[in-house]
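Visitor: Any chance you could fold what I've pasted below:
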Amino acid sequence: MKAEELDERFDNGEEVLEFFDLSTIKRPGLETKKITLEFPEWMLDALDR
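Guide: Prediction:
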């Protein structure tokens, strides 16, 4: 199927997910990174409330 046909189906409100391989979908920007932060104790106490 050409992109134009897919766009038209989507614009018409038709279901288009069947044309995609959902097992390979990735959501960008969800990667995590471990960091170390240091806060004063009073701030941690306030966050724990």
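
Visitor: going forward, measure contacts between C-alpha atoms and count neighbours the same way
Guide: Will do.

Visitor: what ranges do the helices span in this structure?
Guide: Secondary structure of the chain (DSSP state H): helices at 3-11, 41-48.

Visitor: nearest to Thr32, of those?
Guide: Distance to Thr32, taken as CA to CA, is lowest for helix 41-48 among those, at 21.8 Å.

Visitor: elements contacting the closest one?
Guide: The contact analysis (3 or more CA pairs under 8 Å, 6 or more residues apart in numbering; DSSP states H and E) places helix 41-48 against no helix or strand.

Visitor: what's Lys33 sitting at in phi/psi?
Guide: phi -140, psi 130 (degrees, to the nearest 10).

Visitor: same question, the one 4 residues further on
Guide: Backbone torsions of Leu37, given as degrees, to the nearest 10, read phi -120, psi 150.

Visitor: Val16 too?
Guide: Here is the backbone geometry of Val16 (degrees, to the nearest 10): phi -120, psi 0.

Visitor: Measure how buried the closest residue to it other than its chain neighbours is and give me the count.
Guide: Nearest residue to Val16 in three dimensions, chain neighbours excluded: Phe10, at 6.3 Å (CA to CA, 6 or more residues apart in numbering). By other CA atoms under 10 Å, the residues close to Phe10 number 13.

Visitor: what pLDDT does Glu15 get?
Guide: Per-residue confidence for Glu15 comes out at a pLDDT of 96.

Visitor: need the contact list for it.
Guide: Applying CA atoms under 8 Å, 6 or more residues apart in numbering to Glu15 gives the contacts Arg9.

Visitor: still on that earlier bit, quick one: which of the helices of the chain is nearest Arg27?
Guide: Distances from Arg27 to each of those were compared by CA to CA, and the smallest falls on helix 3-11, at 20.1 Å.

Visitor: No further queries at this time; thank you.
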